[in-house]
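Visitor: Sequence first, then the predicted structure:
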Amino acid sequence: MKNYAIVLAAGKGTRMKTELPKCAFPILKKPMIEYIVENIEKSEIDETVCVIGHQKEIFENLLSGRVEFAYQMEQLGTGHAVMATKEIMEKKRGTTIILLGDMPLIDAKVINKVIEYHQDRGNDLTVVTTSFEHPKGYGRIIRNEYGNIESIVEHRDCTDEQKKIKEVNTGIYVISNTTLFKELDNIKVNPGKGEYYLTDIVEIMKKDYTVGTFVLWDNQKVMGVNDLFSVSVAEKYLREQINIKHMLNGVSIINPETVTIGHNVFIESNVTIYPNTYITGNSVIKTGSSIGPNTEIHNSTVDEDVTVKHSLVYDSTIHSGTVIGPFAHLRNGAEIGSNNRIGNFVEVKNSKTGDETKAAHLAYIGDAQTGKNVNFGCGSITVNYDGVNKNRTTIGDDVFIGCNTNLIAPIEVGDNVFIAAGSTVTKNIPKGALAIARNKQINKADYAKNLIRPKDE
Ligand code: UD1
Ligand code: MG
């Protein structure tokens with residue numbers, strides 16, 4: 001017999017107050033719904049139906065090929081959402097787990113465990129519950145004097161006494177698929193909210209069936225995300241989990257609560273990460289490197305023994321032994337050679353630098369390729385844009401570029417060239433040449449007094 005999952009994600013998420021539907025809202029740059037679907041894929045579920053409705057195209061794009069879709073175009077409650085799967089699910093034989101799309105912290109282990117528990121116990125319906133110190137917003141679990149579950153009462157329908165109950169409905173239910181579709185029709189519209197509450201199935205089934213609970217101790221795993229505050233709580237939890245994993249792998253993270261590392265980042269041991277640092281996308285950081293403080297690295301590779309501080313690095317590669325920052329910006333396919341120094345207020349875009357190259361302060365290197373051991377003086381610039389096209393600059397090995405040099409691209413500079421400070425270079429420079437492209441200085445003897453006003457005037 002197969003195991004099925006139904007994931008409810010059709011709602012707008014009114015309490016979020018965001019344009020994006022709640023279950024597509026990103027947590028650590030990943031849409032909420034993907035967390036649950038990824039964990040279902042890792043679990044022993046054979047088939048998954050996702051109920052979508054509000055802005056359904058977003059979910060179709062995210063999940064097509066991975067789940068089957070059922071459509072609930074008018075969101076009349078969680079019970080109504082499950083009814084929307086009737087056509088797809090009704091004829092199937094097996095066990096169905098119902099999950100909510102707004103529980104991103106659930107993991108595959110919990111999914112497997114509750115299904116196993118349900119089957120071992122021979123329950124007809126198993127409700128997964130947990131406890132929260134501040135259970136506001138959750139449906140409360142009402143138990144009778146023998147401790148058996150009687151019903152679930154939504155927060156808004158609770159009496160003051162019931163509001164004190166800390167045990168809550170996680171929104172996860174396990175049920176035989178045939179029973180589900182037999183009993184679902186008995187759910188009546190809730191008079192208070194005008195919705196069909198799935199939670200009512202407990203009270204309906206408890207008369208003729210065995211209804212049990214699975215009590216989960218780790219309440220964080222099943223927290224429901226309903227507003228942007230709970231997004232931040234979930235994000236904090238995920239951030240912590242990721243950071244712990246890296247720290248146990250030998251990555252030293254200083255003030256880890258200020259460091260955000262994405263899901264697909266790979267970091268070798270013996271790396272140090274300083275505060276206020278974001279490493280995201282498909283980034284790789286190799287051993288011996290030191291990243292941060294105040295640094296963003298996205299979709300980039302950092303080789304061994306690199307230092308990056310107070311800098312932004314997007315879609316770029318940094319080879320070993322290089323020092324980046326403070327306040328450097330690498331982007332759009334920058335590839336920095338080994339043992340470079342890219343310092344204060346230097347931007348490198350779509351350019352490749354050879355080993356031992358230095359641009360220590362205030363330079364722009366765009367659409368360029370440099371050889372080895374090139375020195376960019378302070379204020380030197382590859383003038384890559386002529387107002388219409390982007391043009392390339394090519395620089396050979398062992399070149400010295402004096403301060404405030406403009407290299408007007410397209411241009412080629414040969415090996416062993418020396419460019420005098422303040423030059424605006426418009427023509428190619430052959431190998432070994434000294435290029436001076438600036439006005440000659442004139443010194444007019446004794447003339448300054450005509451321009452300097454006496455102090456008492
Ligand atoms: C729900 C439960 C509550 C439980 C809590 C756990 C009900 C009535 N309440 O409340 O007992 O403690 O989850 O987090 O079930 N959805 C649809 N269609 C709808 C309505 C909702 O697909 O018509 C989806 C939403 O997109 C969401 C999920 O169902 O992913 C839960 O809906 P939400 O409004 O967040 O329910 P809660 O108020 O959190
Ligand atoms: Mg919710």
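Guide: All right, it came through fine. Numbers count the residues shown, from 1 in each chain. Ligands and ions are numbered 1, 2, ... in the order given.
Visitor: in stretch 81-91, what's buried?
Guide: A81, V82, M83, A84, T85, I88, M89 (16 or more other C-beta atoms under 10 Å). C-beta coordinates here come from the backbone N, C-alpha and C atoms, glycine included.
Visitor: partners of the helix or strand where A5 lies, with directions?
Guide: Assigned by DSSP states H and E, A5 belongs to strand 2-8. Paired with strand 2-8 in the same sheet, following DSSP bridges, are strand 47-52 (parallel), strand 94-100 (parallel).
Visitor: Using JSON lines, lay out those strands together with mean pLDDT.
Guide: JSON lines is the format used below for the strands paired with strand 2-8 (pLDDT from 0 to 100):
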{"stretch": "strand 47-52", "mean pLDDT": "98"}
{"stretch": "strand 94-100", "mean pLDDT": "98"}
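Visitor: which stretch among those strands comes nearest ligand 1?
Guide: Taking C-beta to the nearest ligand atom, strand 94-100 is the member of the strands paired with strand 2-8 nearest to ligand 1, at 4.0 Å.
Visitor: in this protein, what residue sits furthest out from the centroid?
Guide: For the chain, the largest distance from the centre (C-alpha atoms, centre = their mean) belongs to D446, which lies 66.5 Å off.
Visitor: Which pLDDT does the model give that residue?
Guide: You'll see D446 listed with a pLDDT of 94.
Visitor: Same question for M1.
Guide: 89.
Visitor: Can you tell me the closest non-neighbouring residue to it?
Guide: Leaving aside its sequence neighbours, M1 sits nearest to G94 (C-beta to C-beta, 6 or more residues apart in numbering; 4.4 Å).
Visitor: Identify the residues contacting Y146.
Guide: Contact analysis of Y146 by C-beta atoms under 8 Å, 6 or more residues apart in numbering lists nothing.
Visitor: For stretch 126-141, measure first residue to last.
Guide: Taking C-alpha to C-alpha, to the nearest Å, the first and last residues of stretch 126-141 lie 13 Å apart.
Visitor: Run the contact check for that stretch versus ligand 1.
Guide: Yes: shown here: stretch 126-141 in contact with ligand 1 (C-beta under 6 Å from any ligand atom) through Y138, G139.
Visitor: could you point out which element follows the host helix or strand of H361?
Guide: H361 is part of strand 358-366 when elements are defined by DSSP H and E. Under the assignment DSSP H and E, the closest C-terminal helix or strand after strand 358-366 is strand 368-370.
Visitor: wait, what's in contact with whatever residue of the stretch 251-400 of the chain ends up closest to ligand 2?
Guide: Closest residue of the stretch 251-400 of the chain to ligand 2, C-beta to the ion: H263 (22.7 Å). When the contact criterion is C-beta under 8 Å, 6+ apart, the partners of H263 are L28, K30, I242.
Visitor: quick one, phi/psi of the first one?
Guide: Main-chain torsions, L28, degrees, to the nearest 10: phi 50, psi 50.
Visitor: ok, it - how many residues close by?
Guide: A count of neighbours around L28, defined by other C-beta atoms under 10 Å, yields 16.
Visitor: Okay, the closest residue in space to it that isn't next to it in sequence and N443: tell me how far apart.
Guide: Leaving aside its chain neighbours, L28 sits nearest to L238 (5.4 Å; criterion: C-beta to C-beta, 6+ apart). For L238, the distance to N443 equals 67 Å [C-beta to C-beta, to the nearest Å].
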